[in-house]
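Q: this is a predicted model, with the sequence first.
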Amino acid sequence: MVNRPRSKRSFLAVLLFLFELVFLDLCAGSLYRFYNSRFPARESKVQIKSPVFHHTLAPLKDEVQFWGTTRTKLITNSLGMRDKERRIVELKPGRYRVVIIGDSFTEGVGVEYEESFAGLLDGFFSKRNIEVLNAGVSSYSPLTYYRKVKYLLEDAGLEMHELLVMIDVSDIQDEALCYRLRGEDQHVESNLDACLERYGLRKGKLYCGGCSFPEARRLITPETREIPANGALWSRLWGKLEFRSITVIAFNKLLDYWLAQPHNVAAEPEQQFRGRWPNDPEIFGVYGEEGLRRAGEHMKMLLALLQRHSVKLTIAVYPWPYQIAERDLDSLQVEFWRTWTAANQVDFIDCFPSFINQTAPQKILEQYYFKGDVHWNSKGHRVVADALSAHYQSRMRQHHIQ
């Protein structure tokens, strides 16, 4: 009888302590979410909005960038292109000039410029008195390639002799869902909202790359992949805590870091929808077919533009982890662009064999990709640079150029 009040007080003290822990946890989670919304990206000083071709890099910047836990320097030249140093680019070159354009793989996220395939090609070409400019920026696709190159040639007055276009697997989703030309000046705008209903999609957990600039990120997912509203109570509760509890947020990040492997990144829903269209008929039916059609049309527009300015076009393709895991050498991505380049008499570089060979897929992915990411590490960039330089060396030999 005498111990009951003490036991009751102890029980209430434990409850109060647990309540305080939960309260502090949720407060910390709220502060974390506020910080992320207030300062959404450390690279915001460099990535800026473009009134002509949607987004670009700010000129003459020298900033520290983070890709996950990787810290790199992002330096841009006077044209807002990633470069080895801040410099003024002469519009009229005194030597042969090759401009490379692509998305985040070409920009070289997560590696230093000198370690990226563009930087390695820069070193390869400079010995042969050839200049390389890297116009690639994350989340570009054929429509933005066309509009940016048109701006560079006809508005900025940049002269070039050759354009190397690195067409990424994710470009097809961006072409189908994200970009459209608008207005008399034919500027590029995001078009996701207009496409949601048409494609049977709605806001959810899947990422549409081109619609992440400049401020608001757009998320999409097929309705068939949504968690049903009447799903398990625990799933719904965890889903809410996932964005509110600092403990759950930290737990998920640690779990992602320790369990993430390159070979299973593409199995995550957002990456599956974005990168697996060549291997999944269902995803191909949602946007792949139309995305390829639009990409082909925009590349024809780009080719016609280049022909008017006497600029040679070369196209290269490379795999995502999904294609490597399935040893898909004859991917729809390869087949489409090989056919397109043959029909339009354009040089074609197939980098798929550089990653899909006798070596086990898991070993390839562990060696050449960032852990838990679809992007190459510095070794992966070296593989691509070797494939590209081999093509150019062969071409130089044909024209008796040393």
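A: Cool, got the structure. Residues are numbered from 1 along each chain as shown.

Q: with just CA atoms, put stretch 322-329 into CSV.
A: The C-alpha coordinates for stretch 322-329 follow below in CSV (Å, rounded to 0.1, in the frame of the first residue of the first chain):
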residue,chain,number,x,y,z
TYR,A,322,19.7,-1.8,-64.9
GLN,A,323,21.1,-2.5,-68.3
ILE,A,324,24.4,-3.6,-66.8
ALA,A,325,22.7,-6.0,-64.3
GLU,A,326,20.7,-7.5,-67.2
ARG,A,327,23.6,-7.5,-69.6
ASP,A,328,21.4,-5.6,-72.1
LEU,A,329,23.9,-4.9,-74.8
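
Q: any idea how far Asp328 is from Asn134?
A: 28 Å (Cβ to Cβ, to the nearest Å). All C-beta spots, glycine's among them, are computed from the backbone N, C-alpha and C.

Q: ugh, wrong one, I meant Asp103
A: Relative to Asp328, and taking Cβ to Cβ, Asp103 is found at 20 Å.

Q: so for those two, which residue has more residues nearby?
A: Using other Cβ atoms under 10 Å, the more surrounded residue of Asp103 and Asp328 is Asp103, with 24 against 18.

Q: that one: what's it in contact with?
A: Gly136, Val137, Ser138, Ser139, Tyr140, Ser141, Met166, Asp168, Ser170, Asp171, Gly209 (Cβ atoms under 8 Å, 6 or more residues apart in numbering).

Q: OK, contacts around Gln345?
A: Contacts of Gln345 (Cβ under 8 Å, 6+ apart): none.

Q: so which strand or helix has it?
A: Element membership for Gln345, per DSSP states H and E: none, as it lies in no helix or strand.

Q: same deal with Glu366?
A: Here Glu366 is assigned to helix 361-368, by DSSP H and E.

Q: gap between that helix and the chain center?
A: Distance of helix 361-368 from the chain centroid (Cα atoms, centre = their mean, to the nearest Å) equals 19 Å.

Q: which positions in it come out as buried?
A: Neighbour counts over helix 361-368 (16 or more other Cβ atoms under 10 Å) mark Pro361, Ile364, Leu365, Tyr368 as buried.

Q: quick one: contacts of it?
A: Contacts for helix 361-368 (Cβ under 8 Å, 6+ apart): 261-263, 321, 324-327, 355-357, 376-377, 379-380, 383.
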